[in-house]
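Colleague: Return a 3D structure for these sequence lines:
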Amino acid sequence: MQHPKLPCCGRDPTPGAGHVQRRLPIRIIQAGSRRMMEKSMKQTLYALALAILLGPLASAQTPTPPRVDGGGGARATAQTRPPDNRRPRGSAVGLLGWKAGIRSDAFGAIPFLEAAAKTDAAGVAFVEGVSTNLDYRLGVQELASIQSRLAELGLRVPAYRLESIPADEAGRQKLLEFVKALEIELILTRQLANLPGANVAVEDASGVYKQGGKTVGANLGDAANAAPLLLDLSRQQPPERPEWPNKCGDCATSRPSTTPLFFTINPGAAENYDKAVRVAQGYRVNAISKMMPTTTTENIPADERQKIDAAVPRQALVKPRRARKLLILDVCPAGGFYHTTIAHGNLMLQLIARYTGAYEPIFDNNLENLKYPHIKQYDAVFLNSVVGPVFSDPEVLDGLIRYVREGGGVAGLHGVTFSSQDVREFGELMGAQEGPHQYNGEPGTLKIDDPDSPLTKHFGGKGFSMMDEFYHFPPTGPYTRDKLHVLLSVDAEKTDLRRWEHIRPDRDYGMAWIKSEGKGRVFNSVLGHRPEFYMMPDLVKLMLGGIQFVLGDLDADTTPSAKRR
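Modeller: Got it, this is the predicted structure:
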């Protein structure tokens, strides 16, 4: 399936998954936005007129056309509720192909669009249509009204429930046209019937949806005890061995979805489903990681290899206190964005180890290595642009966090803040999460925030200009100088921010920082999307300093920048 390109790192493989640029509640209206505002006003007026014209058509079987207020303020909710990529049920769409939604009759005897608005307000992206308030025999204008309102809310109808498939040919054809118009993937009924061109399933006594002998979903109710079922379904179809990343450049990854198509959940059960599906996700991500080799450096052009080699320091910043092991991962499961320059980062890490002796590099994507206590055999962990639902398995994330807090270290490079956006704890550990940006880079000037740090003193306090992807971390996320010791940041006085879609009120865009986490250490560099980064000696030296810092050999002040005098 093809999806539109986004102005960040490639395509979004599924709605709300992985590496996504999205609009935030805080917006700055810039020059040139007037036409967009006028267009929005025209669309609103059109929707109002449509609602007035179609209002009399409503009936118990026919949904009321959309009101401009979204049925009790749901439109505002749609703009402010957390997007799907911040919830496991959203990332599960990309990784597993599973969708979970609320029945449109679950809120009582109300019109379909009011139920859709309530579904949206509950933070759920899918609504299960039910024939009692969504009649498949809708007229063209009524159906267009439904489509328009669903698009406005960002909702989809993957499943439709009715008592039985029409027996007459005209009714069957009408149902097929309805299913096609709303892109419905699964029809649920009490009596199994053949309907060419559609997937039809029957709900058994236990609430499982069966198509022939195959399970294609289930009614999970409050989903409180759904984890065993979801894990079992995930295990039934283990992932195939990945053919990329060596055959893939800057592109969105994809994986075959597992068999279940849809799960019904009660209103208020979204959080329970999130917890349950994360276990199933974790199993699949871990299975993928065991089969996915780290990225080879063999395909880097010879001239780029030479420039990277020339940029690498020939000695460590400090002598290692003992022999060090650095675990390096570049795993990008489905729903993530694979960076071509992962290879450049791996080559840089190999050469730093070879020339400086600062550590022994261990390249291994098996996420089992991050579980406690296995992770304790390493002195630090380096995450090279890992993107997607990497930390779906709670044991993997808990192991990494415990390891760092007990005295270990973790370093992140470039795309790491787009890893597991639905897991807040990971963003808190690394110091930031997500970060909309201009795809493939933009010009900017960086300043040295702490010229006295052993990681940055070689810059001599002088800023510099470069092309890279500068992440615009939202003010609602974990990035803050109250917790981070910022080393480099975008110089807002010397960088043209007029093209930036997301402007922080404080105009603060950290690009590299360190922090203490319990007894351990964290280093993160936002930079590194483009090959040139790995050919700049000062930036490669910064990476060496960050690595020696997380290994525990290079001492550095981690006082949060906001608390330094």
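Colleague: drop to CA atoms for contacts and neighbour counts, all remaining ones
Modeller: Noted.
Colleague: Check the gap between the residue of the chain positioned farthest from its centre and residue 143 for me.
Modeller: The C-alpha centroid of the chain is most remote from residue 168, which lies 45.0 Å away (Cα atoms, centre = their mean). Remark: distance between residue 168 and residue 143 (Cα to Cα, to the nearest Å) = 22 Å.
Colleague: same deal with residue 367?
Modeller: 47 Å.
Colleague: same thing with residue 513?
Modeller: 52 Å.
Colleague: and residue 241, how many residues sit next to it?
Modeller: 12 (other Cα atoms under 10 Å).
Colleague: how is this structure carved up into domains?
Modeller: 55-291, 302-563 (automatic domain parsing).
Colleague: so residue 511 is in which element?
Modeller: With elements taken from DSSP states H and E, the one containing residue 511 is strand 510-517.
Colleague: hang on, the earlier thing: if you count what's nearby, which of residue 367 and residue 143 comes out ahead?
Modeller: residue 367 (23 against 20).
Colleague: just checking, that one touches residue 397?
Modeller: No - using Cα atoms under 8 Å, residue 367 makes no contact with residue 397, being 9.6 Å away.
Colleague: okay, the nearest residue to residue 137 once chain neighbours are set aside: pLDDT?
Modeller: In space, and not counting its chain neighbours, residue 137 is closest to residue 174: 6.5 Å by Cα to Cα, 6 or more residues apart in numbering. The score at residue 174 is 96. That number is its pLDDT.
Colleague: what residue ranges in the protein score low on pLDDT?
Modeller: Residues of the chain meeting the criterion pLDDT under 70: 1-88, 242-258, 334-336.
Colleague: repeat that for 50
Modeller: In the predicted model of the chain, residues 1-80, 85, 250-253 satisfy pLDDT under 50.
Colleague: Identify each of the helices in it and give its residue range.
Modeller: For the chain, the helices defined by DSSP state H cover 34-54, 74-80, 88-96, 112-121, 140-153, 169-181, 227-236, 270-291, 302-311, 342-356, 394-405, 424-430, 537-551.
Colleague: how about a markdown table for the ones you listed, with distance to residue 418 added?
Modeller: Listed next are the helices of the chain as a markdown table, based on distance: least, Cα to Cα, whole Å:
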| stretch | distance to residue 418 |
| --- | --- |
| helix 34-54 | 29 |
| helix 74-80 | 20 |
| helix 88-96 | 12 |
| helix 112-121 | 24 |
| helix 140-153 | 24 |
| helix 169-181 | 34 |
| helix 227-236 | 24 |
| helix 270-291 | 16 |
| helix 302-311 | 25 |
| helix 342-356 | 14 |
| helix 394-405 | 15 |
| helix 424-430 | 9 |
| helix 537-551 | 20 |
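Colleague: So which of these is nearest residue 470?
Modeller: helix 537-551 (14.8 Å; Cα to Cα).
Colleague: the inter-axis angle of that closest one versus helix 342-356?
Modeller: Here helix 537-551 points in a direction 80 degrees away from that of helix 342-356 (axes from the mean of the first three to the mean of the last three Cα atoms, to 10 degrees).
Colleague: Check the offset of helix 537-551 from the chain's centre.
Modeller: Distance of helix 537-551 from the chain centroid (Cα atoms, centre = their mean, to the nearest Å) equals 27 Å.
Colleague: now it against helix 394-405, angle please.
Modeller: Orientation of helix 537-551 against helix 394-405 (the same axes, to 10 degrees) gives an angle of 90 degrees.
Colleague: which residues are contacting helix 537-551?
Modeller: Applying Cα atoms under 8 Å, 6 or more residues apart in numbering, the contact partners of helix 537-551 are 310-313, 316-318, 320, 324, 326, 348, 352, 358, 379-380, 382, 408-411, 454-456, 458-459, 514, 520-524, 533-534, 554-556.
Colleague: Can you get me the start-to-end distance on stretch 386-394?
Modeller: 17 Å.
Colleague: what's near enough to touch the closest residue in space to residue 228 that isn't next to it in sequence?
Modeller: Distance criterion Cα to Cα, 6+ apart; nearest residue to residue 228, sequence neighbours excluded, is residue 276 at 7.9 Å. Contact analysis of residue 276 by Cα under 8 Å, 6+ apart lists 223, 224, 225, 226, 227, 228, 230.
Colleague: Among those residues, name the buried ones.
Modeller: Neighbour-count burial (16 or more other Cα atoms under 10 Å) applied to these gives 223, 226, 227, 230.
Colleague: and of those residues, the nearest to residue 372?
Modeller: Once Cα to Cα is applied, the member of the buried ones among the contacts of residue 276 that ends up nearest residue 372 is residue 227, at 22.2 Å.
Colleague: is it true that that closest one touches residue 279?
Modeller: Yes - the pair formed by residue 227 and residue 279 meets the contact definition of Cα under 8 Å, at 6.6 Å.
Colleague: Which of the helices of the chain sits closest to residue 466?
Modeller: Short answer: helix 537-551, nearest of the helices of the chain by Cα to Cα, at 11.0 Å.
Colleague: could I get that closest one in CSV with only the CA atoms?
Modeller: C-alpha atoms of helix 537-551 as CSV (Å, rounded to 0.1, in the frame of the first residue of the first chain):
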residue,chain,number,x,y,z
PRO,A,537,36.0,15.6,12.7
ASP,A,538,34.6,17.8,15.4
LEU,A,539,31.3,15.9,15.4
VAL,A,540,32.9,12.5,15.3
LYS,A,541,35.0,13.6,18.3
LEU,A,542,31.8,14.6,20.0
MET,A,543,30.5,11.1,19.4
LEU,A,544,33.7,9.6,20.9
GLY,A,545,33.2,11.8,23.9
GLY,A,546,29.6,10.7,24.3
ILE,A,547,30.6,7.0,24.0
GLN,A,548,33.4,7.3,26.6
PHE,A,549,31.0,9.2,28.9
VAL,A,550,28.3,6.5,28.8
LEU,A,551,31.0,3.8,29.2
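Colleague: Leaving out chain neighbours, which residue sits closest to residue 154?
Modeller: residue 125 (6.9 Å).
Colleague: Now the phi/psi pair for the one you found, please.
Modeller: The phi and psi torsions at residue 125 (degrees, to the nearest 10) take the values phi -90, psi -10.
Colleague: does it really touch residue 155, like I thought?
Modeller: Yes - assessed by Cα under 8 Å, residue 125 is found in contact with residue 155 at 5.1 Å.
Colleague: more crowded one of the two?
Modeller: residue 125 (25 against 20).
Colleague: if we can go back for a sec, mind checking how far the residue farthest from the centre of the chain is from residue 194?
Modeller: Distance from residue 168 to residue 194, by Cα to Cα: 13 Å.
Colleague: for residue 537, same thing?
Modeller: Taking Cα to Cα, one finds residue 537 at 66 Å from residue 194.
Colleague: Looking at the two, which is more packed in?
Modeller: Each of residue 537 and residue 194 has its neighbours counted (other Cα under 10 Å); residue 537 has more, 17 against 11.
Colleague: what number of residues lie near residue 175?
Modeller: 21.
Colleague: Enumerate every residue touching the closest residue to it other than its chain neighbours.
Modeller: Closest residue to residue 175 apart from its sequence neighbours, by Cα to Cα, 6+ apart: residue 136 at 5.8 Å. Contact analysis of residue 136 by Cα under 8 Å, 6+ apart lists 174, 175, 178.
Colleague: what about 10 Å?
Modeller: 61-62, 129-130, 143, 160, 162, 171, 174-179 (Cα atoms under 10 Å, 6 or more residues apart in numbering).
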